[in-house]
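Novice: Turn this into a structure:
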Amino acid sequence: MNEKLKQIKDLVELELKDSIKVEDIENIKVKYLGKKGEITIILKTLGQMAPEDRKEAGSLINTLRQEVESIIEHNYIILKDSEIEKKINSEKIDISIDKFSEEIGNKHPLTMVLDDIKEIFIGMGYSIAEGPEVEYAEINFDALNTPKDHPARDLQDTFYITEDIILRTQTSPVQARTMRNQKPPIKIICPGRVYRSDNVDSTHSPMFHQVEGLVVDKNITMSDLKGTLETFAKTYFGDNTKIRLRPHHFPFTEPSAEVDVSCFVCDGVGCKVCKGEGWIEILGAGMVHPNVLEAAGIDSKIYSGFAFGMGLERIAMTKFDINDMRYLYENDVRFLKQF
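Specialist: Down below sits the predicted model:
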């Protein structure tokens, strides 16, 4: 027995000496210590020995097993460390090589404009409200006093997913949701993407961005709306900016108005930015229609409100003198670097 165990130990040491890879050592471990390994098989023969020989043989075999495990582990560590060192040496990085210059990006012009608008209205006490871009037609239209026979609900104007679900055509549904879930006073702006079935050209896109505002409280009047828009225009376009309200019609406001600002480039004299008119149309606004308040569960005899909405692309194009909306979506670095 002793001679056989010594032979096994010598063989293990010899095979380990010839090992050049970690995998070789792992194979040796399986060969001698695995479930069908040579030492394991010898251990299984103990049951066939006479009781008086079994104890001594068991002790010898276990001693061999421990020695072999120790030798294998020692060689494994040495070879593993050697392989790691070789890999490190072969993958050395020459830190003396010049570092390539890195270009730092900047905000997209639409993001710049939105951030400025948010800052202005937050400074006036508004909070920011958001809602889903995939919306129920009932909230997008009916809750905003837009009946089923209104042209805006035609297939050629709106993206329908089902008969009752659409891609929102404006961020006004966020106003409707807020009025349903929050009691007055309400003072919010609602920025976000909107979708309309328009062909792509220099001034139209099937996807664009809006920022809408809503105030609902007791004794809100048209003068509050005018004062708010004047404050926004002077803060954003400059202290000399004036605003002009022209009568218009929106289903969800009454009375309604289109809002112009005096051209901030020529101070109203007339230039290419304002197309010689001295005024630039920037948004629509009006007093919240009583039907909209009642649809949201707000008593229109007690509360009133105003709403406004502006296209972010139009503001950006006006501010930065951009003549084609498509530039904002093409991700041309040469264009974006200008801002």
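Novice: Surely N62 is within a helix?
Specialist: Yes - applying DSSP: H, G, I helix; E, B strand; the rest coil, one finds N62 inside a helix.
Novice: now the strands for the stretch 151-300 of the chain?
Specialist: Secondary structure of the stretch 151-300 of the chain, counting by DSSP state E, counting those that start in this stretch: strands at 165-167, 186-195, 207-217, 243-250, 253-262, 279-288.
Novice: In the fourth one, which residues are buried?
Specialist: Within strand 243-250, the residues that qualify as buried by neighbour count (16 or more other CB atoms under 10 Å) are I243, L245, F250. From N, CA and C alone the C-beta is placed, and that goes for glycine too.
Novice: Switch those residues over to CSV; also include pLDDT.
Specialist: Output for the buried residues of strand 243-250, formatted as CSV (pLDDT from 0 to 100):
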residue, pLDDT
I243, 94
L245, 95
F250, 92
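Novice: what residues are up against D324?
Specialist: S202 (CB atoms under 8 Å, 6 or more residues apart in numbering).
Novice: Let me have the strands of the stretch 151-300 of the chain in CSV, extended by distance to M124.
Specialist: CSV is the format used below for those (distance: least, CB to CB, whole Å):
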stretch, distance to M124
strand 165-167, 30
strand 186-195, 8
strand 207-217, 10
strand 243-250, 15
strand 253-262, 16
strand 279-288, 15
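Novice: Which among those strands is found nearest to R326?
Specialist: strand 207-217 (11.4 Å; CB to CB).
Novice: pLDDT on that closest one, on average?
Specialist: The average pLDDT within strand 207-217 is 97.
Novice: What residues of that strand count as buried?
Specialist: Buried, per 16+ other CB under 10 Å, within strand 207-217: F208, H209, Q210, V211, E212, G213, L214, V215, V216.
Novice: Give the partner strands of it in its sheet and their orientations.
Specialist: Sheet pairing here is set by DSSP bridges, and for strand 207-217 it gives strand 186-195 (antiparallel), strand 304-311 (antiparallel).
Novice: Give me the below-cutoff pLDDT ranges for the stretch 51-200 of the chain.
Specialist: Scanning the stretch 51-200 of the chain for pLDDT under 70 picks out the ranges 94-95, 97-99, 155-156.
Novice: can you pull out the helices in it?
Specialist: 51-90, 109-123, 137-140, 172-181 (DSSP state H, counting those that start in this stretch).
Novice: Using JSON lines, please lay out those helices together with distance to I25 and mean neighbour count.
Specialist: Below are the helices of the stretch 51-200 of the chain laid out as JSON lines (distance: least, CB to CB, whole Å; neighbours: other CB atoms under 10 Å):
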{"stretch": "helix 51-90", "distance to I25": "5", "mean neighbour count": "13"}
{"stretch": "helix 109-123", "distance to I25": "58", "mean neighbour count": "16"}
{"stretch": "helix 137-140", "distance to I25": "69", "mean neighbour count": "20"}
{"stretch": "helix 172-181", "distance to I25": "66", "mean neighbour count": "22"}
